[in-house]
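[1] Next input, structure requested:
(one chain, ligands or ions: 1)
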Amino acid sequence: MKNELINKAMSAREHAYAPYSGFKVGAAILCGDGTVISGFNIENVSYPATMCAERTALYSALAQGKRDFKAIAIIGSSKEPCYPCGVCRQVFAEFCDKNFVFYICSEDGSFVEKTFEEIMPFTFSFTTN
Ligand code: THU
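    Residues are numbered from 1 along each chain as shown. Alright, predicted model coming up:
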């Protein structure tokens, strides 16, 4: 399964729209029902409007009615593993449990495997009185 996710993330990366940074990223998320949905980064001339690859994949899955997620592969374009940015970690906190798995890949497909809890401990949450 992890190989399928990484291969799909790699294919998605080819379609990334990254004319400003030149840094193409692909992602593929595994849903609870076995569906795999991919995404890539989509940049904008107004830089903050840029969307990361992993959020594109997650939002695309949400838009298809998925709510249960197991794992994601993220692949950038450098020798270092492409760890998800802080904004993406916060978004994943909303929809994924602590055992959700990240395959964090270098450009050639080699990867480090981390749980959500490992890369995002002590998530923000609140209760009202
Ligand atoms: N990017 C991602 O797509 N995912 C990450 O986890 C890190 C950064 C994108 C955003 C931007 O298009 C480019 O990489 C450079 O920051």
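
[2] going forward, measure contacts between C-alpha atoms and count neighbours the same way
    Will do.

[3] now the host helix or strand of I37, how far from the chain's geometric center?
    Here I37 sits within strand 36-40, counting by DSSP states H and E. Centroid displacement of strand 36-40 relative to its chain, using Cα atoms, centre = their mean, to the nearest Å, is 8 Å.

[4] Could you do stretch 37-47 as well?
    On Cα atoms, centre = their mean, the centre of stretch 37-47 falls 12 Å from the chain's centre.

[5] With stretch 96-103 instead?
    Counting by Cα atoms, centre = their mean, stretch 96-103 comes out at 11 Å from the chain centroid.

[6] can you check stretch 74-89 too?
    8 Å.

[7] Next, the angle strand 36-40 makes with the helix or strand following the strand holding I37.
    Counting by DSSP H and E, the element after strand 36-40 in chain order, helix or strand, is helix 53-63. Here helix 53-63 points in a direction 130 degrees away from that of strand 36-40 (axes from the mean of the first three to the mean of the last three Cα atoms, to 10 degrees).

[8] residues making contact with helix 53-63?
    Helix 53-63 is contacted from outside by 25-29, 31, 37-42, 67, 72, 74, 84, 88, 91, using Cα atoms under 8 Å, 6 or more residues apart in numbering.

[9] Okay, now the sheet partners of the helix or strand hosting L30, with direction.
    Using DSSP H and E, the element containing L30 is strand 26-31. When pairs are called by DSSP bridges, strand 26-31 turns out to pair with strand 36-40 (antiparallel), strand 69-75 (antiparallel).

[10] which residues touch the shortest one?
    Same thing as strand 36-40. Under the contact criterion Cα under 8 Å, 6+ apart, strand 36-40 has outside partners 5, 8-9, 12-13, 15-17, 24-31, 52-58, 60-61.

[11] Now narrow those to whatever sits close to the ligand.
    Checking the contacts of strand 36-40 against the ligand by Cα under 6 Å from any ligand atom, the ones in range are V25, C52, A53.
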